[in-house]
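1. here is my input, please return the structure:
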Amino acid sequence: MTSEEDLVDLRSRMKLIADADPSQYHNEFSLKRYLRAFKDVDKAFQAILKTNKWRQEYGVANLTKDSEEVKKHLLGNKGRVLRHRDMNGRPVIYIPAKNHNASERSIDELTKFIVYCLEEACKKCFEEVIDNLCIIFDLANFSMNCMDYQVIKNLIWLLSRHYPERLGICLIINSPTIFSGCWTVIKAWLDENTSSKVTFVNSEMELCAHLIPDILPIDM
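-> Alright, predicted model coming up:
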C-alpha cells in the first residue's frame with residue numbers, strides 16, 4: 001500500500017519541477033499509481049520523469065483521430081474505445097484480432113495507434129471512482145497470421161513503464177485452441193500482478209459478469 005508519507009514526499013518533488021514546467025504535472029491519482037507500481041518514492045519519481053520525457057519526444061499530445069497513423073487504423077477496425085463501460089465503470093478498449101495481420105503492418109504506426117487508444121480510454125476514467133481500464137482481445141476467427149508478438153511486447157512495455165496500474169482487467173474472448181501455445185509465450189513476459197488481471201472468458205454467461213455483451217461492436 002502507498003503510505004501517506006511517500007505520497008507527500010513524491011508530491012513535493014513533483015511540485016518543485018511542475019512549478020518550473022507545468023507540463024510535468026501529475027495529479028494525485030497518477031502519483032498513487034506510480035507509487036503502487038514502483039514501490040519506492042525515488043523509483044516512482046524517476047519513472048514519472050521518464051514518462052514525461054517520452055510523452056514529449058513521442059508526440060503523444062499530437063495523436064488524434066485525425067492523425068494519419070491513427071485514422072488509418074481506425075478505418076481498418078484495428079481497435080476502438082467503446083462508448084460504454086464494463087460492470088466496474090472502466091473504459092473499454094476493444095481489439096478484434098481478426099483484423100490484424102502481423103506481416104502487413106508498420107510496428108511504429110501501430111504502436112502510435114495503441115498509445116492513442118490508451119490515451120482516449122484514460123481520458124474517460126472517472127478517477128475518483130476507478131482509474132483503470134478494461135482491454136478486450138476478441139479472438140473470433142483468429143489465425144496465426146493475426147499473432148503479433150512484437151505488438152504484444154510493446155503493449156506490455158507501455159502499460160508497465162508509461163501507464164502503470166492503468167490495466168484493471170484484460171478479457172480474452174472467443175479464444176481458439178490454437179491460441180494456447182501463444183498464451184504460454186506471452187504469460188512468461190508478464191509479472192504475477194499483470195498476469196492475474198488476464199481473464200479468459202469462455203461463454204456469454206461468463207462475459208456478463210464483466211460487461212453487457214451488447215456493448216461489443218458488431219461492425220468490426
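
2. contacts, neighbours, all on C-alpha from now
-> Noted.

3. can you map out the helices along this structure?
-> Along the chain, the stretches classed as helices by DSSP state H are 4-20, 28-38, 41-58, 68-75, 107-123, 149-161, 179-187, 192-195, 204-208.

4. pull out the buried positions in the longest one.
-> With burial defined by 16 or more other Cα atoms under 10 Å, the residues of helix 41-58 counted as buried are Val41, Ala44, Phe45, Ala47, Ile48, Thr51, Asn52.

5. mind putting those residues into a markdown table with distance to Glu120?
-> Formatted as a markdown table, these follow (distance: Cα to Cα, whole Å):
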| residue | distance to Glu120 |
| --- | --- |
| Val41 | 28 |
| Ala44 | 24 |
| Phe45 | 24 |
| Ala47 | 22 |
| Ile48 | 20 |
| Thr51 | 17 |
| Asn52 | 17 |
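
6. which residues touch the residue lying closest to Arg13 once chain neighbours are set aside?
-> Using Cα to Cα, 6 or more residues apart in numbering and skipping residues adjacent in sequence, the residue nearest Arg13 is Phe45, 7.7 Å away. The neighbours of Phe45, taking Cα atoms under 8 Å, 6 or more residues apart in numbering as the test, are Leu10, Arg13, Met14.

7. and stretch 198-217, average pLDDT?
-> The average pLDDT within stretch 198-217 is 96.

8. give me the buried positions along that stretch.
-> Neighbour count says stretch 198-217 has Val198, Val201, Leu207, His210, Leu211, Leu216 buried, by 16+ other Cα under 10 Å.

9. got the end-to-end distance for it?
-> One end of stretch 198-217 sits 21 Å from the other (Cα to Cα, to the nearest Å).

10. pull the distance from it to the chain's centre.
-> 18 Å (Cα atoms, centre = their mean, to the nearest Å).

11. rebuild the buried residues of helix 41-58 as JSON lines, extending it with pLDDT and distance to Leu118.
-> Output for the buried residues of helix 41-58, formatted as JSON lines (pLDDT from 0 to 100; distance: Cα to Cα, whole Å):
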{"residue": "Val41", "pLDDT": "96", "distance to Leu118": "25"}
{"residue": "Ala44", "pLDDT": "97", "distance to Leu118": "20"}
{"residue": "Phe45", "pLDDT": "96", "distance to Leu118": "22"}
{"residue": "Ala47", "pLDDT": "97", "distance to Leu118": "18"}
{"residue": "Ile48", "pLDDT": "96", "distance to Leu118": "17"}
{"residue": "Thr51", "pLDDT": "96", "distance to Leu118": "14"}
{"residue": "Asn52", "pLDDT": "95", "distance to Leu118": "16"}
